[in-house]
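1. Quick one, structure for this:
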Amino acid sequence: MELGAIIITGNNQPKNSGQISRSNGTRSTRNPSTLSASSYPIAFWDLLGHSVLERTIERLRRFGVELISVFNNQESVASISHGEPWEKAVIEHARNGVERILLITLGAYSEFHVDDLMRFHIENACRVTNVSDGQEPLGITLVESKCVANHNTPLRNRLTALVSCSCNYEYTGFLNRLASPADYRQLVQDALAGHCDIKPIGKEIQPGIWIAECVRIPRSVRVLGPCYVGAHTRIRPGALICPGTALERQCEIDCGTIVENSTILPSTYLGPGLHVSHSLISGSRLIHLYRNLDVELGDTGLLGWTQNPASLRVLAALGSLFTFAGAPGMRVPTPSRVPAALDYIRGNGYLG
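-> Purely as a prediction, here's the structure:
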């Protein structure tokens with residue numbers, strides 16, 4: 001087998017950033033690039049239906065790479081002392097007849113061509129080829145298996161020793177380093193605008209409007225492209241989905257809510273009558289990218305998880321103000337007003 005690939009995740013996360021944590025507290029004016037870490041890196045986040053990790057694997061397979069292993073490099077001290085799993089996998093690949101191994105530390109999103117990289121590597125008789133954008137490495141290395149097989153020294157030490165004789169392949173194509181939530185949002189916008197190879201998972205029902213399977217959108221909802229609505233997402237009557245918005249899978253957008261130029265991550269619920277703009281939301285956690293706000297709104301009942309939507313509690317408290325349910329085909333009116341808590345939140349600059 002000529003080429004195998006090993007993808008390493010977890011050890012190239014943004015510095016104290018890139019994660020939507022669910023910590024307590026109300027408001028923070030920290031820059032979103034300094035958010036506290038959570039349990040998974042940006043490469044795992046859904047992005048128009050598939051994560052960057054999934055898209056990287058799909059891209060490698062299109063180039064004919066069949067042997068692909070994925071490792072999360074967040075191991076215990078004990079396991080590291082005996083060699084990390086990905087290092088052992090590299091050696092096993094080499095011993096099993098793989099001629100060259102592509103090591104990808106998954107942080108940045110790039111669209112490098114494996115064929116071009118292989119051609120450069122072979123024509124220059126390189127033992128190790130590192131990919132960079134001309135300024136910084138991209139965490140992509142192509143190594144000859146004979147350089148790593150049958151050695152007793154740790155693999156990372158051998159790769160370091162080979163730096164002096166390694167080749168540099170300069171990549172000049174599309175690149176997003178995914179170093180922050182703002183980078184992630186930029187990648188979403190670039191994908192919706194067709195500036196990169198990322199294609200939304202779903203059907204383009206109108207130019208720039210992508211809808212995945214099992215989506216529920218009433219006729220009173222306005223959807224303006226470019227935008228994306230993920231699988232099993234429900235949008236309630238009177239809502240407005242504006243350009244640049246991505247609603248990932250299993251979300252629920254309640255009555256009369258406006259979502260503008262934002263990403264709503266999977267299984268997130270947005271309450272009625274909100275105006276969310278230039279934001280990234282996961283559950284009850286909101287990051288406003290323009291105002292540098294990082295806020296937890298779980299106690300307000302306006303944001304949350306679809307498994308236990310807060311709208312039921314809100315509607316129970318405000319049942320005398322508007323009708324939510326009715327006979328089939330009955331138009332459901334947009335709420336005439338929203339909870340008093342929302343006035344406080346808007347007044348403090350959390351939304352809109």
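
2. Y109 reaches L178, doesn't it?
-> Yes. Y109 lies in contact with L178 (CB atoms under 8 Å); the separation is 5.7 Å. Where C-beta positions appear, they are placed from N, C-alpha and C, glycine not excepted.

3. and for those two, which residues touch both?
-> Taking CB atoms under 8 Å, 6 or more residues apart in numbering as the contact rule, Y109 and L178 both touch 43, 52, 187.

4. The second one is in contact with S110, isn't it?
-> No. No contact is recorded between V52 and S110 when judged using CB under 8 Å, the distance being 10.1 Å.

5. Who has more neighbours out of those two?
-> Neighbours around V52 and S110, counted as other CB atoms under 10 Å, are more numerous at V52. The numbers are 24 against 20.

6. so who does the more buried one touch?
-> For V52, counting by CB under 8 Å, 6+ apart, the contacting residues are 42-45, 106, 109, 178.

7. pLDDT value on it, please?
-> The model reports V52 with a pLDDT of 95.

8. what's the answer for the one 3 residues further on, then?
-> pLDDT recorded at R55 is 96.

9. P85 now?
-> Predicted confidence (pLDDT) for P85: 80.

10. Show me what the residue nearest to it when sequence neighbours are not counted bridges to in the sheet.
-> Ranked by CB to CB, 6 or more residues apart in numbering and with sequence neighbours excluded, the top spatial neighbour of P85 is F71, at 5.3 Å. Taking DSSP bridges, one finds I8 as the beta-bridge partners of F71.

11. A94 touches S145, doesn't it?
-> Yes. Taking CB under 8 Å as the definition, A94 is a contact partner of S145 at 3.7 Å.

12. who has more neighbours, the two?
-> Set A94 next to S145 and count neighbours by other CB under 10 Å: A94 wins out with 23 against 20.

13. Between the shared contacts of Y109 and L178, which sits nearest C165?
-> A43 (30.2 Å; CB to CB).

14. Touching, the closest one and E54? I think so.
-> No. Counting by CB under 8 Å, A43 does not reach E54; the two are 9.4 Å apart.

15. higher neighbour count, the two?
-> Using other CB under 10 Å, the more surrounded residue of A43 and E54 is A43, with 24 against 15.

16. quick one, phi psi at the more buried one?
-> Backbone torsions of A43, given as degrees, to the nearest 10, read phi -60, psi -20.

17. Quick check: H232 touching L247?
-> No. H232 lies out of contact with L247 (CB under 8 Å); the separation is 10.7 Å.

18. So the two - more neighbours on which side?
-> Each of H232 and L247 has its neighbours counted (other CB under 10 Å); L247 has more, 28 against 17.

19. Tell me how far the more buried one lies from R95.
-> According to CB to CB, to the nearest Å, L247 and R95 sit 47 Å apart.

20. show me what contacts L240?
-> Contact partners of L240, counting by CB under 8 Å, 6+ apart, are 221-222, 224, 257-259.

21. quick one: which of those residues is most hemmed in?
-> V259 (26 neighbours).

22. Just say helix, strand or coil for that residue.
-> For V259, the secondary structure call by DSSP: H, G, I helix; E, B strand; the rest coil comes out as strand.

23. I figured it hits L280, correct?
-> No. With contact defined as CB under 8 Å, V259 does not count as touching L280 (11.6 Å).

24. If you tally nearby residues, what's the number for the closest residue in space to V70 that isn't next to it in sequence?
-> With CB to CB, 6+ apart as the criterion, V70 has its nearest non-adjacent residue at 4.7 Å, and that residue is I7. By other CB under 10 Å, the residues close to I7 number 20.
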